[in-house]
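here is the input, now give the coordinates:
(chains A and B)
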Protein chains: 2
Amino acid sequence: MKPLRVGIAGLGTVGAGVVKLLAQQAELITARAGRPITVTAVSARDRNRDRGVSLDGLIWHDDPLALAWDENVDVVVELIGGSDGPAKALAEKALAAGRPLVTANKALLALHGTALAQAAEDASLPLAYEAAVAGGIPVIKVLREGLAANRVSRVAGILNGTCNYILTIMREEKRDFGDVLADAQRLGYAEADPSFDIDGVDAAHKLAILAGLAFGQKIDFSSLHVEGIRRISALDIVFAQELGYRIKLLGIAERTEAGISLRVHPAMVPVSKPIATVDGVFNAVLLEGDFSGPVFLQGRGAGEGPTASAVVADLIDIARGNQIPVWGMAQSKLAEARVVPMAHLTSAYFLRLMVVDQPGVLADVTAILRDHGISLESMLQHGRKPGEAVPIVLVTHETREDAVNAALARISMLESVLEAPALIRIEPK
Amino acid sequence: MKPLRVGIAGLGTVGAGVVKLLAQQAELITARAGRPITVTAVSARDRNRDRGVSLDGLIWHDDPLALAWDENVDVVVELIGGSDGPAKALAEKALAAGRPLVTANKALLALHGTALAQAAEDASLPLAYEAAVAGGIPVIKVLREGLAANRVSRVAGILNGTCNYILTIMREEKRDFGDVLADAQRLGYAEADPSFDIDGVDAAHKLAILAGLAFGQKIDFSSLHVEGIRRISALDIVFAQELGYRIKLLGIAERTEAGISLRVHPAMVPVSKPIATVDGVFNAVLLEGDFSGPVFLQGRGAGEGPTASAVVADLIDIARGNQIPVWGMAQSKLAEARVVPMAHLTSAYFLRLMVVDQPGVLADVTAILRDHGISLESMLQHGRKPGEAVPIVLVTHETREDAVNAALARISMLESVLEAPALIRIEPK
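Below you'll find the predicted structure:
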């Protein structure tokens, strides 16, 4: 059978993993795909770096864009990364030149997914991106095909392994954020510039993709609320445990009566929920379909093997001749997303105040909450240190976020309140 | 666009669910499938039963086989059930008449999957069966497509919701098997004749399907070791908890050096494993790919909505024109399975003896274990009742099953041992 000839742009960990997988598993993949899948051409920055895989016999392009027109390439795999620049240029050129595109690039899809999908549809070409979200977990396929008969009401996931690793170590070793981050950077679990991960941007890119698929809507990435984990304190992790929660950075997309809610933020998750027990670098996604019920998926969210597994699954689909619309339906069927502003979110809240332990503080705080119509489910204060700083934890019943923000603004101005209150949403409500 | 016209045989819970789903979600499904999917013909035993869905305008066939030749039907959905009889006849006739087949019938596929797949391949027709395993969890798609680049080393799952429900209630309410089963039957969670479920046959059918897909091998159903949950006692559940385990009925398929191991039996699962915390009627499957790493899936394993969701996902695939080989690769590529006999299994074992509490018993038992080369990891005996029956629990290190069986045969003959010892394997080793 005629092989499917692959051109790979970007030979970092994932690119080298794809080359390795296709070589090591050649016989199995030929059987599954119905024909061989072989790498014929590559492009990367440094021709001489040792990547632990043989590039003998492959065509080398210094310019990745050359892959789009290479007559020895049937499908282009974009593993350069970055939402713009050469990654975007290559994606556009490959489709323009009539070549299917496989990419692991979440930023590219989150920011330019609508335009790229239109280009793919116009050219009747596959654009596949299983590797862009949750690595070894085939969540794109599950959502786009496995749950295709369902109206999905909610997607919630641990989508960034670096954040989950840091939160797990903070809890297990009772250590502070900065300290654990520095360790994670030494160990290679966090980048030298960690902000994409720890500020929630990476998780938000993935959430935007999942939301687009789940709801059949065009998602404007700037409409997502994005918070990271920098402000999570060891103290809040201890209180979470005491209250029966785990703190996780979640990406949440849900339908509400007013529109869809799209947000990445730390959340208190009851320990009884499967997602609460997902620790370390693992990723997990919970999908709620109206007929299927909840479907929970867990696995490795990153790394050479899992990501290469996802890229090659896409290549096998293409080799088999199967094609699914990029966002699960024709572009003309996609609705414009109506995103609910964060101020209109209703949730239960964990609030922690640092206050001077003196008479009347609690009366002031609870009066303000009452003024804003916020009722409390529980209150925690441990020990007494008259005249010194002590934490007070308040757990609210379900209430609107703008009410909480207004109350916290007033509470922050109380003289006895010593620092900005901590706020962590409780999920699911 | 030309609709995909569906003929459904069998209008029980699932059949009615499919009719309902296709009607209720018509617009969404048309968008996702690229064309309408409409039921045009049905067949069931009783024409007048109220199924809660309208059958107005549908062609009614008293004989399900008529669906295979009905010119108003593009695809046949077989929901009759049973490994032989009309279900098998319809499957064969539909493929012979050039019509794709969708089925939820695990028994049919476990027993006749090779022959049916050959017929489908010869006719270049899709044969889809997402609904046959684990209901709303798209595990067939995940295994056959999502993990297609992987050599899968192990599949382990909770594949029968009835058993998992019974074991969950036994643990939570500290009640005996027979008692909980009777309740489950009253509540409709267990059949009047429950043996297919509780003796492990249903789970074994599903395991045979997963193993065939995971390993690319033709599975002879009679080569599976199948044990159910009838002999699980409330006492063993208590000991399991004390030792940090949960008892689950697992289906396990794994590669070993000597061949593949295929077995359904109760297992002690460490509480730290995700599968240990899957309770009630939920199903779960853990898949181990060499590149993907572990992928864990959890969801509703049965019921109208989840099963209909799976059937319609298959119909959408067919409407989209996508086709995957039935067992993930061409029939000629499938290997004959070499199944390791159960006697050659190596595992750690939980053993419980009921013995007369008198001096020397433990010395006799441990001498026999030593004679068979079996070493112990731990031993539990609570309280003392001189002269009366007491349980002794032994947890072995990893050892071969034939050695354990030989030792237990000798232990059973000791005068101080009062009943047949209980044996529960520990998974994963």
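
how near is the most centrally placed residue in chain A to A:L224?
Nearest to the geometric centre of chain A sits A:A203, at 2.7 Å (Cα atoms, centre = their mean). Here the distance between A:A203 and A:L224 works out to 10 Å (Cβ to Cβ, to the nearest Å). No exception for glycine: its C-beta is placed from N, CA and C like everyone else's.

shared neighbours of those two, anything?
A:V264 (Cβ atoms under 8 Å, 6 or more residues apart in numbering or on different chains).

do a quick rundown of the helices in the stretch 51-200 of chain A.
For the stretch 51-200 of chain A, helices defined by DSSP state H, counting those that start in this stretch occupy the ranges A:66-69, A:85-96, A:106-122, A:139-141, A:161-173, A:177-187, A:195-198.

can you tell me which of the ones you listed comes nearest to B:V285?
For the helices of the stretch 51-200 of chain A, the distance to B:V285 is smallest for helix A:139-141, at 15.1 Å, taking Cβ to Cβ.

anything in that closest one near chain B?
Yes: remark: helix A:139-141 sits within contact range of chain B at A:K141, by Cβ under 8 Å from any Cβ of the partner chain.

buried stuff in stretch A:321-333?
For stretch A:321-333, the buried set under the neighbour-count rule, 16 or more other Cβ atoms under 10 Å in any protein chain shown, comprises A:322-329, A:331, A:333.

need the phi and psi values for A:G259.
phi 140, psi -160 (degrees, to the nearest 10).

and what of A:K273?
Per degrees, to the nearest 10, the backbone of A:K273 is at phi -80, psi 140.

nearest to B:L67, of the helices of the stretch 51-200 of chain A?
helix A:139-141 (30.0 Å).

ok, A:A41 - contacts?
Contact analysis of A:A41 by Cβ under 8 Å, 6+ apart lists A:5-8, A:58-61, A:67, A:70, A:72-73.

again but with A:P138, I slipped
A:130, A:310, A:313, B:141-142, B:145-147, B:295.

alpha carbons of stretch A:47-65, as PDB, please.
Only the C-alpha atoms of stretch A:47-65 are listed here, as PDB (Å, rounded to 0.1, in the frame of the first residue of the first chain):
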ATOM      1  CA  ARG A  47      20.600  20.400  12.300                       C
ATOM      2  CA  ASN A  48      23.300  18.900  14.400                       C
ATOM      3  CA  ARG A  49      21.700  18.500  17.800                       C
ATOM      4  CA  ASP A  50      21.500  14.900  19.000                       C
ATOM      5  CA  ARG A  51      17.800  14.100  19.500                       C
ATOM      6  CA  GLY A  52      18.300  10.400  20.200                       C
ATOM      7  CA  VAL A  53      16.600   9.400  16.900                       C
ATOM      8  CA  SER A  54      18.000   8.800  13.500                       C
ATOM      9  CA  LEU A  55      17.200  11.400  10.800                       C
ATOM     10  CA  ASP A  56      19.200   9.500   8.200                       C
ATOM     11  CA  GLY A  57      17.500   9.600   4.800                       C
ATOM     12  CA  LEU A  58      15.100  12.300   5.700                       C
ATOM     13  CA  ILE A  59      14.900  15.500   3.700                       C
ATOM     14  CA  TRP A  60      16.000  18.500   5.900                       C
ATOM     15  CA  HIS A  61      14.500  21.900   5.400                       C
ATOM     16  CA  ASP A  62      16.000  24.900   7.200                       C
ATOM     17  CA  ASP A  63      12.700  26.700   6.500                       C
ATOM     18  CA  PRO A  64       9.700  24.900   8.000                       C
ATOM     19  CA  LEU A  65       7.400  26.500   5.300                       C
END
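
any weak-confidence spans in chain A?
Applying pLDDT under 70 to chain A flags no residue at all.

how far away is the residue in it sticking out farthest from the centre from A:A9?
In chain A, counting by Cα atoms, centre = their mean, A:P359 sits farthest out from the average C-alpha position, at 44.7 Å. Separation of A:P359 from A:A9 (Cβ to Cβ): 67 Å.

likewise for A:P100?
A:P100 sits at a distance of 14 Å from A:A9 (criterion: Cβ to Cβ).

which one of the two is surrounded by more residues?
A:A9 (28 against 23; other Cβ atoms under 10 Å in any protein chain shown).

picking that back up, narrow the contacts of A:A41 to those in strands?
Those of the contacts of A:A41 mapping onto strands are A:5-8, A:59-61, per DSSP state E.

chain B: which of the residues you listed is nearest?
A:V6 (12.6 Å; Cβ to the nearest Cβ).

up against chain B, what does the stretch 251-400 of chain A have?
Going by Cβ under 8 Å from any Cβ, the residues of the stretch 251-400 of chain A near chain B are A:274, A:277, A:289-300, A:303, A:305-306, A:308-310, A:312-313, A:315-317, A:320, A:322-325, A:328-330, A:333.

is it true that A:L414 touches A:V365?
Yes: using Cβ atoms under 8 Å, A:L414 makes contact with A:V365 at a distance of 7.2 Å.

give me the common contacts of those two.
With Cβ under 8 Å, 6+ apart, A:L414 and A:V365 have common neighbours A:V355.

the two - which one has more neighbours?
Neighbours were counted for A:L414 and for A:V365 using other Cβ under 10 Å; A:V365 has more, 24 against 16.

for the closest residue in space to that one that isn't next to it in sequence, give me its contacts.
In space, and not counting its chain neighbours, A:V365 is closest to A:I411: 5.8 Å by Cβ to Cβ, 6 or more residues apart in numbering or on different chains. By Cβ under 8 Å, 6+ apart, A:I411 lies in contact with A:353, A:364-365, A:368, A:417, A:421.

and for A:Q381?
A:362, A:390-393.

hmm, try it at 6 Å
A:I392 (Cβ atoms under 6 Å, 6 or more residues apart in numbering or on different chains).

coming back round to it: any idea how far chain B is from the residue nearest to the centre of chain A?
20 Å (Cβ to the nearest Cβ, to the nearest Å).

buried set for the helix or strand that contains that residue?
Using DSSP states H and E, A:A203 sits in helix A:201-215. Using 16+ other Cβ under 10 Å as the test for burial, helix A:201-215 gives A:201-215.

next one: stretch A:365-373
Those would be A:365, A:368-369, A:372, for stretch A:365-373 by 16+ other Cβ under 10 Å.

just give me the closest of those residues to B:R263.
Closest to B:R263, out of all of the buried residues of stretch A:365-373 and judged by Cβ to Cβ, is A:L369, at 57.6 Å.

mind checking the SS state of the closest one?
Judged by DSSP: H, G, I helix; E, B strand; the rest coil, the three-state class of A:L369 is helix.

need the buried residues of stretch A:321-333 in JSON lines with secondary structure, can you?
JSON lines is the format used below for the buried residues of stretch A:321-333 (three-state DSSP):
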{"residue": "A:N322", "secondary structure": "coil"}
{"residue": "A:Q323", "secondary structure": "coil"}
{"residue": "A:I324", "secondary structure": "coil"}
{"residue": "A:P325", "secondary structure": "coil"}
{"residue": "A:V326", "secondary structure": "coil"}
{"residue": "A:W327", "secondary structure": "coil"}
{"residue": "A:G328", "secondary structure": "coil"}
{"residue": "A:M329", "secondary structure": "coil"}
{"residue": "A:Q331", "secondary structure": "helix"}
{"residue": "A:K333", "secondary structure": "helix"}
